[in-house]
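> Build me a structure from this.
(2 chains)
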Amino acid sequence: MIIRQKVIKYGDNVDTDVIIPARYLNTFDEAELASHCFEDLDADFPEKVKERKVIVGGENFGCGSSREHAPLSIKASGVQAIIAPSFARIFYRNAINIGLPVLVNADAAAEISDGDEVEIDLDKGRVKDLTTGKDYKMPPLPDFIQEVIASGGYINHTKKLLAER
Amino acid sequence: MAESKQPQTMAQKILAAHSGKDFTVHGEIVNASVDLVLGNDITMPLAIEEFKKIGAEKVFDRKKVVMVPDHFTPNKDIKSATQCKSMREFAYNQDIENYFEIGQMGIEHALLPEKGLVLPGFLAIGADSHTCTYGALGAASTGVGSTDVAVAMATGKLWFMVPQTLKFVYRGKLDRWMTGKDLILYTIGMIGVDGALYKAMEFTGPVIDSLSMDSRFAMANMAIEAGGKFGLFGVDQKTVDYVESKGKTDYVVYKSDEDAQFEKVYEIDCSGMGLQVAYPHLPENTREAADAGDVIIDQVVIGSCTNGRMEDLRMAAEILKGKKTDRRMRTIIIPGTQKIYLEALREGLVEIFIESGCVVSTPTCGPCLGGHMGILAEGERAVATTNRNFVGRMGHPKSEVYLSGPAVAAASAITGKISVPQEVI
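As a prediction, this is how the structure comes out:
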C-alpha cells in the first residue's frame, strides 16, 4: 500500500492524555473521539488533518495510558500513518492491533519537516520525503507483526486463526 | 521447578513457562498463555465490542477475567453510567467471578493483590497501563490495549515480545519519610520517561529488601512511567507472607539467574537522597522537595493505584494529626479499596483527616486522570501522590500536577506550598 500525504509534525513524548484527554473517555464512539483528538496539544489539528494525513512525532510517541482510544482517535481523524524515532510500548501494540501503520525511523522523524509531502510504501518499508527528495528505509517487522498487519488487525487475525482450528 | 542450563532473567523465565518453552531469547515474539486478564470501565466496554467481533461466545475462563469499574465511578455522568452498564451486563452474562461492584470494588491495582487474585509467577495483562503494579509480587504483568484484552478473553493467549531487563540495585539507607515512591521518582528522573522503553525493570538490593509491600507496589506501578514493560521484584519472605495472608499457597517463584544477561545494571546509593517531587509535565522532571522554593498550590490528592494504600494513609495521618490544612487548600484523600477505607476508619485515620480539613472519598481513580472528584481549573496547581503529570492530566490543560509521595503531599497540604515534613513537624 502506498500513502502519499503531507505531514503534521509534533515533538517528543506526545502522551495519550494530549492525544485524547481522559475527560472524553466516557465513550468509544470513534467520530466523537476524533473530534477531540490532540485537543490539548494543538487546537489547529482538526483543520490541519483535512489536508495532511501523516504524523511525524518525536521520541516515545504515545507514552502514558493503555487507552486504545488514543490510536483510534488518530485513525478516525483520517491519519494514515505515524512516523517516529520510538513509540511507547502499549501505543505501538494498540496501533498495530487496530491496523494504524506506525513506522520507526529516527532519521526520517528528525529530517522530515512540518508540511513536507511524503510517500510511504508500507510493503517495502520505505518513506520518501518528496519535498526534500530524501529516502528512508525501515527495518523489517517481525513475521508475526507482518501477519497481523496483513490480516487487517489483531481481531481479524484471531478470527482467521480460530476459523482454521 | 526445572532450571534450564541457559541463564535467564525472571522476565525470560516467566514468558518461557507460559509459552511452553525452556527458554526465551530477547526480542523473540511468543504467544503465551495468560493467568489473568483485567479491564476497567474505560477499557473493557471497547474490549467487549472487539470480543464480539471475534465471534467468541464465552470467555476462555470465567475465573481468570477480572472487571473493575473504578475510573469514572461512582458514575460521574450518563455516558460513564452507560459504559459501566455494558461491562456489568457482560460480566453477569458471562458469569465472571471477579466483577467487583461499587461497595466491593477498589482501584484495580490496589484491589487485585488485596484479593489474592495475582500471585508470584503469574503472567497477567490488563487494559490499564499500571497493570505493571503486580511486579511487586514477582509476577510478569503489563498493560495492553482493549483489542489485546478481547483476544486474550477469547483465546487465553496473547503475543509478547521478550524484553531485555534493566537491573536496579539500591544500596544505603533511606531517610525518614522516604518510601518506594521517592525511589521510583528518583529512578525515572535518572533514566527518563523512555529510559526503560520496551524493557523489564528489576528492582533489587538491600534497600529493596527492607521495603514494605506497599512501597514495592508503588515502585512497580510506575515502571510504565519510564516506558517499562514489567517492574519486577524478587519473591522474599515479605511477599510470601503477603500472598499467604490472602490464603494462597499455590504459586511459582521465578528468580533471575546470577549470570543472566541484563542489558544494564544501575547502582543507586540511597543514603542522603531527599524526598522527591516530579514537576510538570513529565514524571522525569524530578527534584528534591526540599529545594522546591515557593511553589504555591491549590489542591492535594493522596490516593490512586500508586499511593492509596495503608502505608500512605498512615504516613499522611502522622503528619496531619492535630494540624489544619491551609485554608485555601482542597485536600482529597482517596483510600484505594473498601478494605483500606475501613482499616483507615478503624485506626482513626479518617477522623484525623477530617479534623485537619481534608475530604475522604470512596475509592476511585477520579482526579488522577482528570475524571472527576477534584478537577483543576486553569492556572491551578496540585501536589498529588498519583503517577502522571502530563498536560491536562488532572483538568484544565493549563493546570499543573506535581507528583510526590504521601509525606510531601501531607506537609504541602498544611503549608499551601510544596513542603517537606520537617517544615511542619
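> So, low pLDDT: which residues of the stretch 1-150 of chain B?
By pLDDT under 70, the low-scoring segments of the stretch 1-150 of chain B are B:1-4.
> So which residues of it form strands?
Remark: strands assigned in the stretch 1-150 of chain B by DSSP state E, counting those that start in this stretch are B:29-33, B:36-40, B:65-68, B:98-99, B:123-126, B:140-143.
> now do chain A
Using DSSP state E, the strands of chain A run over residues A:2-9, A:54-56, A:81-84, A:102-104, A:117-121, A:126-129, A:135-137.
> Take these and write them to TSV, including distance to A:Ser65.
Glycine gets a C-beta too; all of them are placed from N, C-alpha and C. Listed next are those as TSV, based on distance: least, C-beta to C-beta, whole Å:
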stretch	distance to A:Ser65
strand A:2-9	21
strand A:54-56	18
strand A:81-84	17
strand A:102-104	17
strand A:117-121	27
strand A:126-129	28
strand A:135-137	29
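> on that earlier part again, out of the strands of the stretch 1-150 of chain B, nearest to B:Arg314?
Set against B:Arg314 and scored by C-beta to C-beta, the strands of the stretch 1-150 of chain B come closest in strand B:65-68, at 24.4 Å.
> Convert the C-alpha atoms of that closest one to PDB, please.
This file holds the C-alpha atoms of strand B:65-68, laid out as PDB (Å, rounded to 0.1, in the frame of the first residue of the first chain):
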ATOM      1  CA  VAL B  65     -11.100 -12.500  33.700                       C
ATOM      2  CA  VAL B  66     -11.400  -9.600  36.200                       C
ATOM      3  CA  MET B  67     -13.500  -6.400  35.700                       C
ATOM      4  CA  VAL B  68     -13.400  -3.400  38.000                       C
END
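> Listing partners with orientation, what would you give for that strand?
Its sheet considered, strand B:65-68 pairs with strand B:36-40 (parallel), strand B:98-99 (parallel) by DSSP bridges.
> any chance of these in JSON lines, plus mean neighbour count?
Shown next, in JSON lines, are these (neighbours: other C-beta atoms under 10 Å in any protein chain shown):
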{"stretch": "strand B:36-40", "mean neighbour count": "28"}
{"stretch": "strand B:98-99", "mean neighbour count": "20"}
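> just to revisit the earlier point, any chance of the strands of chain A in JSON lines with mean pLDDT as columns?
Compiled in JSON lines, the strands of chain A are given as follows (pLDDT from 0 to 100):
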{"stretch": "strand A:2-9", "mean pLDDT": "97"}
{"stretch": "strand A:54-56", "mean pLDDT": "98"}
{"stretch": "strand A:81-84", "mean pLDDT": "98"}
{"stretch": "strand A:102-104", "mean pLDDT": "96"}
{"stretch": "strand A:117-121", "mean pLDDT": "97"}
{"stretch": "strand A:126-129", "mean pLDDT": "98"}
{"stretch": "strand A:135-137", "mean pLDDT": "97"}
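> ok, B:Leu376 touching B:Gly395?
Yes - counting by C-beta atoms under 8 Å, B:Gly395 is a contact partner of B:Leu376 at 3.5 Å.
> and stretch A:134-151, anywhere near chain B?
Yes - with C-beta under 8 Å from any C-beta of the partner chain as the criterion, chain B is reached by stretch A:134-151 at A:Pro142, A:Phe144, A:Ile145, A:Val148.
> Tell me, how many residues neighbour the last one?
In terms of burial, A:Val148 registers 22 neighbours under the definition other C-beta atoms under 10 Å in any protein chain shown.
> could you give the angle of the lengthiest helix in chain B to strand B:36-40?
For chain B, the helix with the greatest residue count under DSSP state H is helix B:78-93. Using axes from the mean of the first three to the mean of the last three C-alpha atoms, to 10 degrees, the inter-axis angle of helix B:78-93 relative to strand B:36-40 is 150 degrees.
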